[in-house]
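**Q** okay, here's the prediction I keep looking at, along with the sequence it came from:
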Amino acid sequence: MRDRETIDSELRRLAMERRLIREHGGELSSRQLDDLLDERLGHRPEPRAVTAVQTRPRVLVADRRRTYRRPGALRRFALRTAIPLSIAAIATVLVVTVAFHYRHRVAQPAETPQSDVQPHMAAAQPPAPPVNHPAPQDIADKALIDVLQHEGVPAPSHDYVTTQAHAVCDFLAREPDLVEAAHFVQRSTIWDADQSAEFASAAVVTYCPQFATAGSDKMQQTLQTSQSTLQKIEGDLHGINNDLQGIRDGLHGDN
């Protein structure tokens, strides 16, 4: 082992060489200084072969880090690139959808005038108005009310008049007497004696003519007057019905 003076002189020499090398832009290895300092302090320097073996893993570790970092950087770059591409794809789909609906709506009104031709032609031929044929019962009810109005007998309503008229026929079926039937009408209705006699006669002629002979001479005269009036009114109603039938036939002939 060398003495201290030799080591110190060697250290000074290396320090001067290091300054000169730095002035010229170089770098001196610090391994010799480390070995001399260890020797100066009384420690033996380690063999260089061992240090060389120890330095190799460090280089390899650095290389591994580099190799591991590259895929991560590539993945981050790929994700950043994929996000704008996905947004562009969604925007493209929306544009295509809106364009398709717009074309469909623009093309649809062009077809509507063709479909409007048939409704217009159908509207040009209005259907013939229906003609209601009155039933025989309705004709009889209308004739009875017209007779009462002609004789000055008030008619509160259609149902009231027809109900009381059928009640007269039911009474005569039990008691065939027109005078008593007129009294029955006077007791059960709003009419006075003369109005009840006129109403009973009109009811008999309209609904139950088989009881026309069941009465006194005065009632027979009233009955004949009501009968003639009723026949005249029924003739007018039949004439109106024939006119309606002719109007209906004319409408069908024009079509």
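**A** Structure's in. What do you need? Numbering: from 1, shown residues only.

**Q** outline the domain layout of this protein.
**A** 4-68, 136-254 (automatic domain parsing).

**Q** quick check: which ranges of the chain have low pLDDT?
**A** Along the chain, segments meeting pLDDT under 70 span 1-2, 25-136, 214-246, 248, 250-255.

**Q** hmm, 50 instead?
**A** Within the chain, the stretches with pLDDT under 50 are 43, 45-46, 48-69, 77-79, 110-112, 115-117, 120-122.

**Q** please report how far Asp138 lies from Leu144.
**A** Counting by C-beta to C-beta, to the nearest Å, the gap from Asp138 to Leu144 is 11 Å. From N, CA and C alone the C-beta is placed, and that goes for glycine too.

**Q** looking at those two, which is more packed in?
**A** Set side by side, Asp138 and Leu144 show more neighbours around Leu144, with 24 against 13, by other C-beta atoms under 10 Å.

**Q** ok, the more buried one touching Val204?
**A** No - at 10.5 Å, Leu144 and Val204 do not qualify as touching, with contact defined as C-beta atoms under 8 Å.

**Q** ok, Val161 to Met16 distance?
**A** 151 Å.

**Q** my guess is Val205 meets Phe199, correct?
**A** No - with contacts counted by C-beta under 8 Å, Val205 stays clear of Phe199, the gap being 11.1 Å.

**Q** just want to know which of those two has more residues nearby.
**A** Neighbour count, other C-beta under 10 Å: between Val205 and Phe199, Phe199 has more, with 28 against 25.

**Q** now do the same contact list for the more buried one.
**A** Applying C-beta atoms under 8 Å, 6 or more residues apart in numbering to Phe199 gives the contacts Leu148, Val153, Gln164, Ala165, Val168, Ala182, Val185, Thr189, Trp191.

**Q** now, which of these sits nearest Pro176?
**A** Nearest to Pro176 out of these is Val168 (C-beta to C-beta; 11.6 Å).

**Q** what about that closest one, how many neighbours?
**A** For Val168, the count of nearby residues is 27 (other C-beta under 10 Å).

**Q** who touches it in this structure?
**A** Ala181, Phe184, Val185, Phe199, Ala200, Ala203, Val204, Tyr207, Cys208.

**Q** hmm, 10 Å instead?
**A** The contact partners of Val168, by C-beta atoms under 10 Å, 6 or more residues apart in numbering, come to 178, 181-182, 184-185, 188-189, 196, 199-204, 206-208, 211.
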